[in-house]
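Asks: The following comprises the amino acid sequence and a computationally predicted model.
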Amino acid sequence: MPTFRIHPDPDLPGVVRVVRAGRPEQDALPTAELPGPRVGVLAALHGDEPCGLRAHEWLLEHARAGTLAFTGGTLVLVHGNLEATRLGVRYTPDGYDLNRICDLAFMETLPEAEWGYEHHRARALHPLLCALDAGLDLHSAHAPTEPFAIALEGSLEVARQLGVDWVTHGWEEASDVGSGVALARVSERGRPAVAVECGGHGELAQAEGPAVRGTPEQVAIAVVPRFLRALGLWEGPAPSAERPPRVLRVHSILGKPSRAFRFLRPLRGFERLEAGQPLGSDGEREVRCPIDCVALMPNDEVPLGKPYLYLALESA
Ligand SMILES: [Zn+2]
């Protein structure tokens, strides 16, 4: 098994590189010159979703113990939003969702004096993200949901191999989850990029027989070696036979029509919905489901205009 050295980035807090042992002069190299393949494992881009940080600890424990089965060159462990993690919130009170601004489009429109913490963080992480050969981004949800994978464009086959029951794709065309996400820096160069929603906080995933189950932390730890194995960069024993996931293509989003809008009853992720079925109301107007579909990430507490529901269709 290869041995690894662990290098916290001296300039970028929250970034640790696990580098396959090689020449000592590699220690000082910038990310783009570290031995490849360079695989990013992103965690806590949202500060209240700590499951990926536990996966980082798991990788570091194995690297220290000499039992890390990674056969690539460098693992790049990124703790995305340090300040929001410290505060226990999705993003800082005066800031912005870090996982929507990583294309740096704000640099054209927002004077630097008005940048929040996340704008500075997005710019600082940008060169690192643009140098990755593959990326896995670990999230969790506040509402109950089964774990599911979000395959960025070109990564459906890799996402099918992560052991989660549901794989979704088509987000770029049909939703607000597009070029602003951190992993788009990887997928837009044609490299494998998958995000995983590792389940809801404080609950056990209870689907009928998913290969990967447990708390979000346990799901995150189970997904990492499967992702690396799917890339051909993991030499540990293969997981036992897993049934293929169900695949969904994102069709459209429903934006919150008024501040008072609430679901008629709590919706669950992956619940089947029928065209015409009443979804919610603000006391005056009732919203009905426009198509037969599957519900993704229902959340009626989002700000006005933001998606409270993603609609998806079964896909091959
Ligand atoms: Zn998240």
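Replies: Thanks, I have the structure now. Treat the numbers as computed from the prediction; the structure is a model and nothing was measured.
Asks: per-residue pLDDT, residue 29?
Replies: pLDDT for residue 29: 59.
Asks: Just say helix, strand or coil for the residue of the stretch 51-200 of the chain found nearest the ion.
Replies: The minimum distance from the stretch 51-200 of the chain to the ion, using C-beta to the ion, falls at residue 139 (3.4 Å). Glycine gets a C-beta too; all of them are placed from N, C-alpha and C. Taken by DSSP: H, G, I helix; E, B strand; the rest coil, the conformation at residue 139 corresponds to strand.
Asks: mind starting the numbering at 31 from now?
Replies: Sure thing, new numbering starts at 31, so read that last one as residue 169.
Asks: Help me confirm that it comes into contact with residue 227.
Replies: Yes: with contact defined as C-beta atoms under 8 Å, residue 169 counts as touching residue 227 (5.1 Å).
Asks: what sits against the residue of the stretch 81-230 of the chain closest to the ion?
Replies: Contacts for residue 169 (C-beta atoms under 8 Å, 6 or more residues apart in numbering) come out as 75-76, 79, 81-82, 225-228.
Asks: change it to 6 Å
Replies: 79, 227 (C-beta atoms under 6 Å, 6 or more residues apart in numbering).
Asks: Next one: it, what pLDDT does it get?
Replies: On the pLDDT scale, residue 169 gets 96.
Asks: for the helix or strand of the chain with the lowest mean pLDDT, which positions count as buried?
Replies: None of the helices or strands of the chain scores lower by mean pLDDT, DSSP states H and E than helix 201-204, at a mean of 86. Buried positions in helix 201-204, judged by neighbour count with 16 or more other C-beta atoms under 10 Å: 201-202, 204.
Asks: okay if I get those as CSV plus distance to residue 329?
Replies: Formatted as CSV, the buried residues of helix 201-204 follow (distance: C-beta to C-beta, whole Å):
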residue, distance to residue 329
201, 16
202, 21
204, 17
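Asks: Distance to the ion added to those residues, as a markdown table?
Replies: Shown next, in a markdown table, are the buried residues of helix 201-204 (distance: C-beta to the ion, whole Å):
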| residue | distance to the ion |
| --- | --- |
| 201 | 13 |
| 202 | 17 |
| 204 | 19 |
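Asks: The stretch 231-346 of the chain: strands as residue ranges?
Replies: For the stretch 231-346 of the chain, applying DSSP state E, counting those that start in this stretch gives strands covering 276-285, 292-293, 302-303, 308-311, 316-318, 323-326, 337-344.
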